[in-house]
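Undergrad: pasting the structure only:
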C-alpha cells in the first residue's frame, strides 16, 4: 500500500497527479487525511475526500509514504506528531519515502535526509537538515524520492512507478498519458 498524506493547504497537483499515475500503474494507493475529517481542503480551496484518516493507517503495511507540498500543507504535515513517528518507523524499516515541493522539510526536520541528495521548492533548501540540495526537478537517493514543485508532479509520479514496478511500466505510462509529446511539442 502507498499512503499519500493530505493536510489542509496541500498543493492539488502535487498530490493528485502522482496518485493518478500510480493508480494507472496498478499500484495500491490511498489518500490519508492527517485529521479526523475525511474532507481535506487544498491550497486552492478544493475539497478532496480522503480514503481514510491517519488513525486508520497501519504504517507497517506501507510500501511507500508520500508527502505532497503546498502551504500551509507542508507545515501542517510537519506539525503532525503521529505522522512524524510513522515516517521515522517507515524509514527505520528501510522502506521508501517520497516528498515534493515544501514537504521535504518534514524529512529534513526529522534528520532523515542527512547525507542524502534531495531537492525541494526554491527557498526551502535551508529546511532540509544536512541533505545535499541539488535543485534537480526530481532527485532519488537511497530511500528518498524528492521533487522540486508543482511542475515536477508528473515526473515524480513516474519515478515512483519506476521504483516500485519497473522502467517499462513508467515509460508506457509516459507515452500513453502524452507526457513525452508535451515535452517535445511545447
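TA: That came through, no problem. All values derive from a computational prediction rather than experimental measurement.
Undergrad: any regions of this structure where pLDDT drops low?
TA: Residue ranges of the chain with pLDDT under 70: 182-183, 185-186.
Undergrad: quick one, helices of it?
TA: According to DSSP state H, the chain carries its helices in the segments 12-24, 73-78, 81-92, 104-109, 153-164, 167-176, 179-184.
Undergrad: take those and write them to CSV, including mean neighbour count and distance to residue 47.
TA: Glycine gets a C-beta too; all of them are placed from N, C-alpha and C. Below are the helices of the chain laid out as CSV (neighbours: other C-beta atoms under 10 Å; distance: least, C-beta to C-beta, whole Å):
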stretch, mean neighbour count, distance to residue 47
helix 12-24, 22, 11
helix 73-78, 24, 14
helix 81-92, 16, 21
helix 104-109, 26, 23
helix 153-164, 23, 19
helix 167-176, 15, 27
helix 179-184, 11, 28
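Undergrad: ok, and the closest non-adjacent residue to residue 7?
TA: Leaving out its chain neighbours, the residue that sits closest to residue 7 by C-beta to C-beta, 6 or more residues apart in numbering is residue 76, at 3.6 Å.
Undergrad: confirm for me that residue 131 is in contact with residue 108.
TA: Yes: counting by C-beta atoms under 8 Å, residue 131 touches residue 108, with 6.1 Å between them.
Undergrad: find residues that contact each of these two.
TA: Here residue 131 and residue 108 share the contacting residues residue 118, scored by C-beta atoms under 8 Å, 6 or more residues apart in numbering.
Undergrad: coming back round to it: relative to residue 137, which of the helices of the chain is closest?
TA: Nearest of the helices of the chain to residue 137, taken as C-beta to C-beta: helix 153-164 at 5.7 Å.
Undergrad: by contact count, what packs against the closest one?
TA: helix 12-24, strand 64-67, strand 97-100, strand 138-141, strand 144-147, helix 167-176 (3 or more C-beta pairs under 8 Å, 6 or more residues apart in numbering; DSSP states H and E).
Undergrad: quick one: contacts of the fifth one?
TA: Counting contacts by C-beta under 8 Å, 6+ apart, the residues outside strand 144-147 that touch it are 14, 96-101, 104, 107, 112-113, 116, 118-120, 137-140, 153, 155-156, 159-160, 163.
Undergrad: repeat that with 7 Å
TA: For strand 144-147, contacts defined as C-beta atoms under 7 Å, 6 or more residues apart in numbering pick out 96-101, 104, 107, 113, 116, 118-120, 138-139, 153, 155-156, 159-160, 163.
Undergrad: likewise the first one?
TA: Under the criterion C-beta under 7 Å, 6+ apart, residues 2, 4, 6, 29, 31, 42-44, 46, 66, 68-70, 100-101, 150, 153-154, 156-158, 160-161, 173 lie in contact with helix 12-24.
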